[in-house]
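Visitor: give me a model of this one.
(one chain, ligands or ions: 1)
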Amino acid sequence: MFGNSSLDLDGWSLPAKIAGKASRFLARNVRSKALVLHETPPIVTFTFDDVPASACEIGADVLEDYDARGTFYIAGRGCAEAGSGGPPLASLDQLRTIWGNGHEIGCHTYSHPAVSRISLDQLRVELEQNQSALKNIDRDIEVRNFAYPYGDLTFRTKRYLEARFDSCRSVDRGINVGMADLGSLKAWPLESGSVDRAKVAELIARTIECRGWLIFYSHDVAERPSKYGVSPDLLQWAVGAAKMNGCVLATVAGALKLIAAAAVPNDPSYPKTMAAAPPDRA
Ligand SMILES: [Zn+2]
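Guide: Alright, predicted model coming up:
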């Protein structure tokens, strides 16, 4: 794991011990690919992992009702291992529909292994297979953002992936503020089993206070969701609360563009209309 403290250094030379400790410290503490949130409006992003069919059927519709779009991190092989016994996964046609409606397609791994458990060669193959599978959605698709399956990462895999994607989303709970880490963006689960309206309201309030970037992640969207899913009611409430309180609703790619443009506010590409969206417009 990223914060593994169980490495046995007995028998190592002193230089090797020092190097090992330094590497572990870096893994925990160094943002090797920084994202500076400067003068940005509060941003809320809704993401779905794997993804279950209901995320496309219901989740995308809820977002579109608020003129918002989400980011869907796809495991191209259908997330076979993780999905066994779980909710049915999205079809290619469903992915084409959400892509056509303006949602972002992001990258998971092809067959959903934790990246920390495979070699870099295996990871490279997983990424190539996934990119190839996602080209079936649209051959011109560009997949620029990644989410770690199970939120599991090491410093080695983080460095590898952050060099290949604009961002990598973790499941480390938190709001991205100030100097954020593009190699391990913080996020918060939007799961009906562990989060309620009060918690969502608290998170949105904190995001507004610190002008941060709050990324929710979920899986299925159903009246009786899995332990990793969300009900349509809670999802709708969260999207509405974020929008009505003046947050910008953006995909991961959209948020990165907004943050980059905010760093140079005179840039003509700065999406002022997004930032200036009236808070009570549903
Ligand atoms: Zn996953």
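Visitor: okay, CA-based contacts and neighbour counts for the rest of this
Guide: Noted.
Visitor: give me the buried positions along stretch 197-214.
Guide: By neighbour count, with 16 or more other Cα atoms under 10 Å as the criterion, the buried positions of stretch 197-214 are 200-201, 203-208, 211-214.
Visitor: let me have those in CSV, extended by pLDDT and secondary structure.
Guide: Below are the buried residues of stretch 197-214 laid out as CSV (pLDDT from 0 to 100; DSSP: H, G, I helix; E, B strand; the rest coil):
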residue, pLDDT, secondary structure
200, 98, helix
201, 98, helix
203, 98, helix
204, 98, helix
205, 98, helix
206, 98, helix
207, 97, helix
208, 97, helix
211, 95, coil
212, 97, coil
213, 98, strand
214, 98, strand
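Visitor: what's the most distant pair in the residues you listed?
Guide: Spatially, the most separated pair among the buried residues of stretch 197-214 is 200 and 211, at 16.0 Å (Cα to Cα).
Visitor: mind checking how far the residue of the stretch 51-200 of the chain found nearest the ion is from residue 104?
Guide: The minimum distance from the stretch 51-200 of the chain to the ion, using Cα to the ion, falls at residue 149 (4.4 Å). Using Cα to Cα, to the nearest Å, we find residue 149 at a distance of 18 Å from residue 104.
Visitor: just checking, residue 216 touches residue 47?
Guide: Yes - taking Cα atoms under 8 Å as the definition, residue 216 is a contact partner of residue 47 at 5.9 Å.
Visitor: show me which of these two is the more surrounded one.
Guide: When neighbours are counted by other Cα atoms under 10 Å, residue 216 and residue 47 differ, and residue 47 comes out ahead with 30 against 24.
Visitor: in a helix, the more buried one, correct?
Guide: No - assigned with DSSP: H, G, I helix; E, B strand; the rest coil, residue 47 falls outside any helix and is strand.
Visitor: residue contacts, it?
Guide: By Cα atoms under 8 Å, 6 or more residues apart in numbering, the residues touching residue 47 are 70-73, 215-218, 251.
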